[in-house]
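# For reference, the sequence and a predicted model appear below.
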Amino acid sequence: MSVAKVIEITASSPKSFEDAVALGIARADKTVENVQGAWIAEQKVVVAKGKVTEYRVTMRVSFLLK
């Protein structure tokens, strides 16, 4: 039997939402073992002078417990 845990993290990127997701997953993988998947709960942008300057995602990351 497997048991999974879910954590919520927020990641950001100046490039894109996809890059923010990739950076968040990469960082989570350094901290927890057995990352199995993630789903995006929220997407936001930071705007300065009428232009998007940062993409932010809040995601829930699941990983298996030992």
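Structure received. Remember, predicted model here, so these are calculated numbers, not experimental data.
# pretty sure D29 belongs to a helix, no?
Yes: looking at D29 with DSSP: H, G, I helix; E, B strand; the rest coil, it is inside a helix.
# hey, what's the residue lying closest to it once chain neighbours are set aside bridged with?
Spatial nearest neighbour of D29, excluding adjacent residues (CB to CB, 6 or more residues apart in numbering): V35 at 5.1 Å. Quick note: C-beta positions are derived from backbone N, CA and C, even for glycine. When bridges are called by DSSP bridges, V35 pairs up with F63.
# same deal with A11?
Beta-bridge partners recorded for A11 (DSSP bridges): V57.
# Next, the contact list for it, please.
Contacts for A11 were tallied using CB atoms under 8 Å, 6 or more residues apart in numbering; they are 20-21, 23-24, 27, 56-57, 59.
# correct me, but the residue nearest to D29 touches R27?
No: contact criterion CB atoms under 8 Å: V35 and R27 do not qualify, at 10.5 Å.
# For I40, give its distance to K51.
23 Å (CB to CB, to the nearest Å).
# Quick one: the strands in the protein, in order.
According to DSSP state E, the chain carries its strands in the segments 4-13, 35-48, 51-64.
# Apart from its neighbours in sequence, what residue is nearest the residue nearest the centre of the chain?
The chain has G24 as the residue nearest its centroid, 3.9 Å off, counting by CA atoms, centre = their mean. Leaving out its chain neighbours, the residue that sits closest to G24 by CB to CB, 6+ apart is A11, at 2.9 Å.
# next one: S12
Nearest to S12 is R56, by CB to CB, 6+ apart, at 4.5 Å.
# And P14, by the same measure?
Residue nearest to P14 in three dimensions, not counting chain neighbours: E54, with 5.7 Å by CB to CB, 6+ apart.
# Name all residues that make contact with that neighbour.
E54 touches 12-14, 45-46, counting by CB under 8 Å, 6+ apart.
# try 7 Å this time
12, 14, 45-46 (CB atoms under 7 Å, 6 or more residues apart in numbering).
# got it, and W39?
59-60 are the contacts of W39 under CB under 7 Å, 6+ apart.
# Over to the one 5 residues further on?
If you count contacts by CB under 7 Å, 6+ apart, K44 has them with R56.
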